[in-house]
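# What shape does this take:
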Amino acid sequence: MRGLIRRLREVRWQIHYACKIFKALSGVYPRDCNICGYSGLFKAEGMPPRFDALCPSCKSLERHRHQYLWIKQNEGALRGKRILHFAPEPMMRKIYSGLASTYLSADIAGYAERVLNIEAIDMPAASWDIVVANHVLEHVDDRKALAEIHRILIPGGFAILSFPLALFEKSYENPAVTSPADRHLHFGQWDPIRFYGADAAQRIAAAGFAVDAFTAAEPYVHRLATTRNCRDYIARKA
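Predicted coordinates:
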């Protein structure tokens, strides 16, 4: 009987927390979207759910709103430039193409305007002012990719780079992790090959870049529902 009572209590608490999670999927705190101007509850996104992640109006996520903070602060450096954009998400494609004089979206899988391999970019040297690669480098040989980005940028050009970050001292790679299930276990998704750590800037700088990091501070983090470990790297070619 005691075992049954204990089990019923456990089930009651499980139902209680399940109800709280279900309610939170529709929003926890009012937020502001700096991209479309929406104010109100944001929806959860991902599995496991990231609460208050998705703007219901423009569908922006935390990383989009974070990068848009940098864009608005540096709009003059982007406007009228030639921008090559790898693996463009619709939200960011619209923003960058609206600023550029020449804009080209590229992807290895053929989902963009041009099929390009970021590890061997079929473009002339010094042919682009800006390269954008959000959540790309964790999927590829970043030494090859960064060397190619450096090659195609003009002197004084720069790359805008972002990727998931972990609180590791060194970026984590494991050649033995090859199956989708093991990659999901190690990296949180089925297709990455590394988690970047505190040495991310050094890895970028090794390709010949001067690297600055952009991290949002309060009150933007809670107002815009960006993640607290979100960081964009601005890699400049001398």
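
# Report the rounded mean pLDDT for the longest helix that the chain contains.
Among the elements of type helix in the chain, defined by DSSP state H, the one spanning the most residues is helix 2-24. Helix 2-24 shows a mean pLDDT of 72.

# can you pull out the helices in this protein?
In the chain, the helices defined using DSSP H lie at 2-24, 62-73, 75-78, 90-99, 142-152, 180-187, 200-205, 220-224.

# Next, the contact list for residue 135, please.
Under the criterion of CB atoms under 8 Å, 6 or more residues apart in numbering, the neighbours of residue 135 are 63, 87, 162, 163, 164. To be clear about C-beta, it is placed using only N, CA and C from the backbone, and glycine gets the same treatment.

# Just give the number of residues close to residue 96.
21 (other CB atoms under 10 Å).

# My read is that it contacts residue 133, right?
No: counting by CB atoms under 8 Å, residue 133 is not a contact partner of residue 96; they are 11.7 Å apart.

# Show me the contact partners of the lengthiest strand in the chain.
Counting residues, the longest strand in the chain under DSSP state E turns out to be strand 153-162. Contacts to strand 153-162, defined as CB under 8 Å, 6+ apart, come from residues 63, 67, 70, 77, 126-135, 137, 149, 204, 209, 230-238.

# Cross these against strands and list the overlap.
Secondary structure defined by DSSP E assigns 128-134, 209, 232-237 of the contacts of strand 153-162 to strands.

# hmm, which of those residues are the buried ones?
By neighbour count, with 16 or more other CB atoms under 10 Å, these hold 128-134, 209, 232-235, 237 as buried.
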